[in-house]
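Asker: can you look at this prediction? I've put the sequence above it.
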Amino acid sequence: TETKMTPLLLLAALLVFSAGAVQFPTHWGNHMVLQQGAMVHLHGFADPGTVVTARLFNSTWKSSCKSQPTSKQGVWTCDAPAPAPAVYTFDAYSIQASGGNTSVTLNNILLGDLWVCSGQSNMRFTVEMANNETEEMKAAHNFPYIRMATVATYSSHTPRLNIARMLEPWSVASAKALGNGTKPFSYMSAACWFFGRDLF
């Protein structure tokens with residue numbers, strides 16, 4: 001039987017919006033993974049009333065959608081058609097949002113499956129603290145289609161539009177991305193990494 005593999009996002013997570021023209025959320029970035037499907041959900045912020053055009057594209061695929069923020073917070077959202085999910089080619093895409101006189105682009109984006117890893121002290125135990133951390137660090141580059149990010153601990157009584165602070169920005173799997181040389185209990189979560197690596 002054929003084994004199906006898809007890109008993975010590992011987001012070791014817990015959840016500011018600044019005024020301006022067109023933006024993606026602060027926790028989005030180059031190398032991220034967007035959930036695969038018939039449509040790719042895109043969103044961000046813009047000045048109220050700005051018509052935003054969002055694009056998903058690479059050398060073989062181009063699609064777009066339009067949105068216009070109506071709330072005071074300036075949130076825009078739209079869904080761009082995506083290639084058939086059954087075609088797992090690991091192609092990288094770019095996403096771009098344009099409106100008014102500004103444009104923002106993120107590159108090396110994969111379409112795949114997203115997993116949010118959240119918990120208490122067990123989830124904060126990092127790969128750097130594992131018994132076999134040396135082997136894991138050396139082998140991490142063998143998984144370039146696993147992408148990861150870690151957000152700082154943050155509490156809020158209401159849903160946040162943006163994540164306040166990222167401990168680790170979007171990264172391609174590598175020894176550095178796993179936290180080689182970082183302080184204990186920083187990143188990357190060992191439970192999150194081993195789950196994603198074995199799932200992939």
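Answerer: Thanks, I have it.
Asker: these two touch, right, residue 124 and residue 188?
Answerer: No: using CB atoms under 8 Å, residue 124 is not in contact with residue 188; the gap is 10.6 Å. For glycine as for every other residue, the C-beta is placed from the backbone atoms N, C-alpha and C.
Asker: and those two? which has more neighbours close in?
Answerer: The neighbour comparison of residue 124 against residue 188 (other CB atoms under 10 Å) goes to residue 188, with 28 against 18.
Asker: I figured that one hits residue 149, correct?
Answerer: No: at 9.1 Å, residue 188 does not count as touching residue 149 under the criterion of CB under 8 Å.
Asker: can you pull out the helices in the protein?
Answerer: Here the chain has its helices, by DSSP state H, at 121-124, 133-139, 190-199.
Asker: ranges for the strands of this protein?
Answerer: 8-12, 33-35, 39-45, 52-57, 62-67, 75-81, 93-99, 102-117, 146-151, 166-172 (DSSP state E).
Asker: so which of those strands gets nearest residue 193?
Answerer: Residue 193 lies closest to strand 8-12 among the strands of the chain, at 6.6 Å (CB to CB).
Asker: pretty sure residue 36 sits against residue 93.
Answerer: No: between residue 36 and residue 93 there is no contact under CB under 8 Å: 11.1 Å.
Asker: who has more neighbours, the two?
Answerer: Of the pair residue 36 and residue 93, residue 93 is the one with more neighbours under other CB under 10 Å, namely 24 against 21.
Asker: bridge partners for the more buried one, pull those for me.
Answerer: In this structure, residue 93 bridges to residue 109 when assessed by DSSP bridges.
Asker: do you know how far it is from residue 155?
Answerer: From residue 93 across to residue 155, the span is 34 Å (CB to CB, to the nearest Å).
Asker: could you do residue 169 as well?
Answerer: Noted for residue 169: a distance of 21 Å to residue 155, by CB to CB.
Asker: distance-wise, check residue 168 relative to residue 112.
Answerer: Residue 168 sits 18 Å away from residue 112, taking CB to CB as the criterion.
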